[in-house]
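>>> Pasting a predicted model and its sequence here:
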Amino acid sequence: MADAAVADPPAPSGPIKTYDGDPGTLGNPGSWRTPEFTRDNGLLSISAEYAYAAGFAGQGTSIGVVDSGTYADHIREHGSKDSSYAVGDRFFGVVAQGGNTGPTSGFWNQLFNDQHGTHVSGTIAASRDGVGQTTPTENMHGVAFNADLYMGNTGKTDGALYGQLPATATAAQRVDNAYLGNVYRAVNSATTRDGKPIRIITSSWGSQPNTESYTNLEPQAGEPATFGLIPSWRYMFLPEGVADADGNTSHWINGAIDAARTGTVIQFTAGNNRYANPTTRGNAPYFLPDLEGKWYTTAGVNATLGRTTNADGSVKVPGTISRFNRCGLSKWWCVTAPGNTINSTWYTITAGVARPTYNAASGTSMSGPHSAAVLDLVMQRFPYMTNEQALHTMFTTGRQNATLNALSQPQPATAPAVDGVANPNAGQMVTVPDASNGWGTVNLRDAFAGPGQLLGPTALDTKGYDDTWSNNVSDVAIKARQAEDATEAAAWTQTKATKGWTAGLPINATDKDKFDYDLGERRAAARNARVYAGSLTKSGAGTLTLAGTDTWTGKTTLTAGGIAVTGSHSAPVDVTGGTLSGGGSIGGNVNVSGGILAPGDTTASALKLAGNLTLGSGASLVIKGAGTEYSRVWADGDVTLGGNLTIAGAINPGTTLTLVKGKSITGTFANLPEGTIFKSGGNTFHISYANNAVTLITFASADLPVSGTVPATLSLTLGAPATFPAFTPGVAQEYTATTKATVLSTAGNATLTVADPSATATGHLVNGAFVLPQPLRAGVGDVFAALTSPVTLKTWAEPVSNPVVDVTFKQAIGATDALRTGTYAKTLTFTLSTTAP
């Protein structure tokens, strides 16, 4: 029996580069857990070692960051093995300007930056240089330690305020909105080393102003009018918002929105102040639903509490949710990642001089770079996925944390440390995001096995790559969202009725009413456009192997390349092109209108169908065989046959092959009616459609050449000369003469022509020096032409044997034509020619 083929994942752009003597080896995740690895306690919780063991560390990718600069003199951590870590050749400062800020590099500037951006960038991409083996108290490496990093500078420290400014805000706390918006645009359009676009920009910068609270959408009774997500959003996004110190009402967030609308994924951290919701910037897709799939937020998980491991040292439960802001309203685009006591790059200033060091810090500022680097590795692992598809893969493969419902505002931050209640599903893959953890903690081990769910129609172009998805892929979450959306839709209908907005806003509507109405209608439009079933349309060259238990409820369509079902697949499958193969099972109907059905993943396996099978006239069924083994397709439903049948491989004579089974069999394969004896793949078969099955019996056969040779022959035999009756002078008349031509040709084609070879009065009869004025004409049937040039009488497109061609000549005599006594004549030449002897 042949072994089943499993598609290897796409290869990275090159090998991982670390240092000589690195114990990390391909295929061995545990070998990557060195002291340098474990010094970022988050790497184990996100199963980073599984990415490295698969050969992925960010090589050939670029990650964008907007933060308080990155310290350029952390040369080893910014460098690569190619430069022996002597040059910071992987970290780049993006220059931006705008507003009141001139050209500013993304590298740290002591005049206005702090360590925050340096710490963030280290978590993302600090090198794995091995120094940690000899200085075990400091060195660490980033999640994507071979990636390039492009930093845009906020021009501030982490103390800059990203929302509604209090009256006491200092110059250091105020951002230059016009400049900062341009930073996002500059990072998004930065020219990278390899010319490929930056696909993700992550931001952890800034602090919450005390004028804002994110517990609710609107301020509650007794709270300041600035509290709530809606007042904060109106300030940051809408033109009606409060102008900044420079008179700008278009705030910095519009630069990030512009970047997202080009398709770049934007990450904002959830914030640290124990609210039920992320900060307003993390909630942007709530207010602008078109940003979903392009924008997400990251809350924190504490890897130092509640983390458990498997016997092989890999993580099982990633940790306990941190007492930072939770996912809340953003749960559909929110993940968690390690954010407590994270060791990363830092600098220390002594006597005014900075030097590179390391330091541990906590907050979602540490969580965001972990998740962003994970997304980068997911994008690297699946080079054929769109940014949104890679993001959904990261979402739907998150691990459930140890706890749920962590303490959040409005309880004071001085309340007892409550980290939530135990999660009964801790360590399992998230099925539906919740308001505490969102999609859970990002996990590279699970993400590298493909998506865990389809969140709607998924158009997948594999772009020539072969790959395997081994996760059990469902659409449970989008089904759950349908119920949530229905509740929200009912509430919006009631709101419009209560406020008298059913027919639209009144003329005297307030700005607040206009905002509420616009937001409600925007969210309604998004709900109406949402498709609450996962489906897959596979295009492009390359074969996608589905090895898990797939239960999405929409249709699977194959238009090009291949899909191999080696697990179980509940959805119906339509094939319009490409090849459907595999030895698994399909629960829905299979309709092959074009392309190939090649059942089985070995020569002895079957593709099992719970529904009907239809093979259209444009389909082909290809059966793999060897000896007495063969692949087959068995359906519990009805089978309708059409198209072509091919047997690939040598089958032993005498073998009976039951290729197809069904509840009923209708139709036949093309040109193969019941009882036909035919040849395919070097074998001779007898076919039968009896007993609700397609059965072949293999005959013993041998070929004996019998031949005879035909010499090349072109033969032309002419009949009696053509003679006109006597011409009558002074009388206008047309005279006719005939002859016959007999043709014999073994050529692929032949042409019979007649011509006057004489250079004297060509095409005219002559009598000595006298010439008939009218030309001689020749033809067959009713078509005649003057012989002033060669005339084609007849053509054949195949060999011919002795057909007789009746050739007619015509000569016109006019009443005023002077005729000389005697005979007018010419000797004509008939030719039989070919272009395919």
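Alright, I've got the coordinates.
>>> For the stretch 101-250 of the chain, which segments count as helices?
Shown for the stretch 101-250 of the chain, the helices assigned by DSSP state H, counting those that start in this stretch span residues 116-125, 177-188, 229-237.
>>> Gly263 is nearest to which of those helices?
With C-beta to C-beta, the closest approach to Gly263 among the helices of the stretch 101-250 of the chain belongs to helix 177-188: 9.7 Å. From N, CA and C alone the C-beta is placed, and that goes for glycine too.
>>> Can you give the contact residues for the closest one?
By C-beta atoms under 8 Å, 6 or more residues apart in numbering, the surrounding residues in contact with helix 177-188 are 64-66, 94-101, 104, 106, 150-155, 198, 201, 244, 246, 248, 250-256, 258-259, 262, 264, 266.
>>> sorry, back to before: out of the helices of the stretch 101-250 of the chain, deepest packed?
helix 116-125 (a mean of 30; mean count of other C-beta atoms under 10 Å).
>>> Show the secondary-structure elements that that one is packed against.
In terms of contact count using 3 or more C-beta pairs under 8 Å, 6 or more residues apart in numbering; DSSP states H and E, helix 116-125 is assigned the packing partners strand 62-67, strand 148-153, strand 342-350, strand 353-361, helix 364-381.
>>> pLDDT averaged over that helix - what is it?
This predicted structure assigns helix 116-125 an average pLDDT of 98.
>>> what about it, distance to the chain center?
Put simply, helix 116-125 sits 30 Å off its chain's centre (C-alpha atoms, centre = their mean, to the nearest Å).
>>> so which strand or helix has Asn273?
Applying DSSP states H and E as the criterion places Asn273 outside every helix and strand.
>>> List the residues that contact Val633.
Taking C-beta under 8 Å, 6+ apart as the definition of contact, the neighbours of Val633 are 597, 599, 606-609, 613, 621, 659-661.
>>> hmm, back to that, quick one, which of the helices of the stretch 101-250 of the chain is nearest to Asn28?
Closest to Asn28 of the helices of the stretch 101-250 of the chain is helix 116-125 (C-beta to C-beta; 23.1 Å).
>>> CA atoms only for that closest one, dumped as CSV, please.
What follows is helix 116-125 as a C-alpha-only set of coordinates in CSV (Å, rounded to 0.1, in the frame of the first residue of the first chain):
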residue,chain,number,x,y,z
HIS,A,116,9.0,52.6,26.3
GLY,A,117,9.5,52.2,22.6
THR,A,118,12.9,50.4,23.1
HIS,A,119,11.2,47.9,25.4
VAL,A,120,8.4,47.3,22.9
SER,A,121,10.7,46.9,20.0
GLY,A,122,12.8,44.4,21.8
THR,A,123,9.8,42.2,22.6
ILE,A,124,9.0,42.2,18.9
ALA,A,125,12.4,41.6,17.2
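>>> tilt between that helix and strand 62-67?
Following axes from the mean of the first three to the mean of the last three C-alpha atoms, to 10 degrees, one obtains 160 degrees for the angle between helix 116-125 and strand 62-67.
>>> For the remainder of this discussion, apply numbering that starts at 39.
OK, 39 is where the count begins now, so the last one is helix 154-163.
>>> hmm, back to that, would CSV of the helices of the stretch 139-288 of the chain with distance to Asn254 be doable?
Formatted as CSV, the entries for the helices of the stretch 139-288 of the chain read as follows, by distance: least, C-beta to C-beta, whole Å:
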stretch, distance to Asn254
helix 154-163, 29
helix 215-226, 26
helix 267-275, 7
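>>> Between those, which one is closest to Val630.
Across the helices of the stretch 139-288 of the chain (criterion: C-beta to C-beta), the nearest stretch is helix 215-226, sitting at 43.4 Å.
>>> could you give the angle of the closest one to helix 267-275?
Helix 215-226 and helix 267-275 meet at an angle of 80 degrees, taking the same axes, to 10 degrees as the criterion.
>>> how distant is helix 215-226 from the center of its chain?
Centroid displacement of helix 215-226 relative to its chain, using C-alpha atoms, centre = their mean, is 29 Å.
>>> Where do the domain boundaries of the chain fall?
Under automatic domain parsing, the residue ranges defining each domain of the chain are 74-490, 528-567, 591-737, 752-871.
>>> any chance of those in JSON lines, plus distance to Asn66?
Supplementary listing: these in JSON lines, determined by distance: least, C-beta to C-beta, whole Å:
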{"stretch": "domain 74-490", "distance to Asn66": "6"}
{"stretch": "domain 528-567", "distance to Asn66": "45"}
{"stretch": "domain 591-737", "distance to Asn66": "25"}
{"stretch": "domain 752-871", "distance to Asn66": "66"}
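>>> wait, which of those is closest to Thr583?
For the domains of the chain, the distance to Thr583 is smallest for domain 591-737, at 4.3 Å, taking C-beta to C-beta.
>>> in the stretch 189-338 of the chain, what spans have low per-residue confidence?
276-283, 286-287 (pLDDT under 70).
>>> which stretches of it form strands?
If you assign secondary structure with DSSP state E, counting those that start in this stretch, the strands in the stretch 189-338 of the chain sit at 238-241, 303-307, 333-340.
>>> again, but for the stretch 339-488 of the chain
Along the stretch 339-488 of the chain, counting by DSSP E, counting those that start in this stretch, strands occupy 346-347, 353-355, 358-359, 372-376, 380-388, 391-399, 441-442, 459-460.
>>> Comparing these, which comes out most buried?
Neighbour counts averaged per stretch over the strands of the stretch 339-488 of the chain are highest for strand 372-376, at a mean of 33; criterion: mean count of other C-beta under 10 Å.
>>> who touches that strand?
Residues contacting strand 372-376 (C-beta under 8 Å, 6+ apart): 78-80, 83-84, 308, 316, 320, 334-341, 356-357, 359-360, 365-366, 404-406, 408-409, 412, 432-433, 436, 439, 471, 475-480.
>>> re the thing from before, mind putting the strands of the stretch 339-488 of the chain into a markdown table with distance to Ala524?
Converted to a markdown table, these look like this (distance: least, C-beta to C-beta, whole Å):
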| stretch | distance to Ala524 |
| --- | --- |
| strand 346-347 | 37 |
| strand 353-355 | 33 |
| strand 358-359 | 28 |
| strand 372-376 | 22 |
| strand 380-388 | 40 |
| strand 391-399 | 43 |
| strand 441-442 | 24 |
| strand 459-460 | 28 |
